[in-house]
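Student: got a sequence here, can you build the structure:
(one chain, ligands or ions: 1)
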Amino acid sequence: MAIEDASRLSITRLLHPAVEERPGGTPVTTPIYQTSTYDLPRTPEAARIAAAVAPTGYYTRYGSPNNAEAEAMLADLDGAERALLLGSGMAAVSAALISNVRAGVRVVAQTNHYAAALTLLRDVLPSFGVEVRLVPQESLHEAVDADTDVVYAETPSNPAMVLTDLAAVRAAAPDALLVVDNTFATPYNTRPLDLGADLVVQSATKYLNGHSDVTAGVVTGRAELIDRAWETARVLGPTCHPFEAWLLARGLRTFPLRMARHNDNGRAVAEALAAHPRVVAVHYPGLSSHPQHALARRQMSGFGGMLSFTVESERFATRVLASTRLARNAVSLGGMETLITHPASLIFSHGGTADSVDASLLRVSVGLEEPADIIADLTRALDLAADPAVDAALDPASDGALYPVPDLA
Ligand code: PLP
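Tutor: All right, here's what the predicted structure looks like:
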């Protein structure tokens, strides 16, 4: 099915999720099941419920009607048999990996990953005897082979905006379990299961929810793999609570509409930044200057709202960061509002590596505002950053990290 068809069909389905029928009037929106436990029938029926995978009426760490509703929508979006909703994107990454590795298993992953995923791969899994090899992202498909048990990819990667050639990885390691973090692209722009992935993980905190008010994560894929991930999560306990699941289901109803706008705004902002004399390079897969633009056109149907760009120096980058008004200096991404971060000054506290992020790089999550307003704000910040008065207004004691916003007109 063409990607446009997939998103056209799924918005109608997203707006009409199955809601449990009730006597005397079925609610149009699923109520929030704010309960940790459920009144059980007598055994043996209770024993049957207790032994089921993700029962919706047993105990909320195991599942809930709100989680089941969001999971059905998420599985549908990814074209997956099943989805598992968890309490954060990292819970999803952890459940997907931990449920498929043990001592001696050979994992190949990228040197570019979201920082906490990198810590899991580089430090946590090897401490349990898992053999993890981190290789340059662009050549992941050349580093995997028939001896690889698990491949973990993230495309485009945070914050470098480098792509992984998923079809090439699949072809090079046909028997490996391929797990893909699709948080940046989302199923609107990249469909990893169609390209041969076995499991897709996403931080639902980002575009899927889209309103910067939920922390959640999702794993999608074949039923037996999701059931296994559920068993791991049941034991480790990173539950997505019913209210968060309910908020996510609400956010998902407008997901395709928001993504269409993120794609348009992302491209407009990337083009404007690329034309600015103070910008050294823009990393956005939709620009023909992106070194993997040809791959991006093959693998992505749109290029999203995430981009990063480099300026002349770290000092200049922190001046830009201090000078935006509309773009808020906040971590996370994929919400309605434009956010900007300086990853190099944040990454060390989150387990990144010194060489993983260029200190003159800024990352932007392009929001849903009028594109002209976002462009005006970033352009103004770049112009102001070239002004010596901005430099003077910055706090010299803060040493380049997290400058307070100077009070400039
Ligand atoms: N994967 C990517 C690409 C991310 O950017 C993030 C968070 O920023 C995560 C996973 C983790 O998601 P969460 O913060 O919801 O645990």
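Student: residues near the residue of the chain found nearest the ligand, how many?
Tutor: Nearest residue of the chain to the ligand, counting by C-beta to the nearest ligand atom: G89, 2.2 Å away. All C-beta atoms are positioned from the backbone trio N, CA, C, and that covers glycine. G89: 25 surrounding residues under other C-beta atoms under 10 Å.
Student: ok, the nearest residue to G89 once chain neighbours are set aside - contacts?
Tutor: Using C-beta to C-beta, 6 or more residues apart in numbering and skipping the chain neighbours, the partner closest in space to G89 is S203 (2.5 Å). Residues near S203 by C-beta atoms under 8 Å, 6 or more residues apart in numbering: S88, G89, M90, A92, Y114, T183, A216, G217, G334.
Student: same deal with A143?
Tutor: V108, R133, V135, P136.
Student: what about those, which are in helices?
Tutor: Cross-referencing the contacts of A143 against helices under DSSP state H gives no overlap.
Student: R170 touches D198, doesn't it?
Tutor: No - taking contacts as C-beta atoms under 8 Å, R170 lies outside contact range of D198: 9.5 Å.
Student: residues contacting R222?
Tutor: Taking C-beta under 8 Å, 6+ apart, we find R222 in contact with A80, E81, R82, D198.
Student: check these and tell me the two furthest apart.
Tutor: Spatial extent of the contacts of R222 (C-beta to C-beta) is set by the pair R82 and D198 at 12.4 Å.
Student: what sits in contact with each of the two?
Tutor: Common neighbours of R82 and D198, using C-beta under 8 Å, 6+ apart, are G221, R222.
Student: out of these two, which sits in the more crowded spot?
Tutor: When R82 and D198 are compared for neighbours, R82 comes out ahead with 22 against 19, by other C-beta under 10 Å.
Student: what residues does the stretch 251-400 of the chain have near the ligand?
Tutor: S332 (C-beta under 6 Å from any ligand atom).
Student: low-confidence stretches in this structure?
Tutor: Applying pLDDT under 70 to the chain flags the ranges 1-9, 347-356, 393-409.
Student: H342 and E314, how far apart?
Tutor: Distance of H342 to E314, computed by C-beta to C-beta, to the nearest Å: 8 Å.
Student: so R363 bridges to which residues?
Tutor: S308, T341 (DSSP bridges).
Student: that one reaches T310, doesn't it?
Tutor: No - counting by C-beta under 8 Å, T310 is not a contact partner of R363; they are 10.6 Å apart.
Student: which residues touch A274?
Tutor: For A274, the contact set (C-beta under 8 Å, 6+ apart) comprises V282, L287, S289.
Student: about what we covered before: got any residues that touch both of R170 and D198?
Tutor: Counting by C-beta under 8 Å, 6+ apart, the contacts common to R170 and D198 are L178.
Student: can you list the domain ranges for this protein.
Tutor: With domains defined by automatic domain parsing, the chain comprises 11-253, 256-402.
Student: neighbour-wise, which of the contacts of A143 leads?
Tutor: Top of those by neighbour count (other C-beta under 10 Å): V108, with 24 neighbours.
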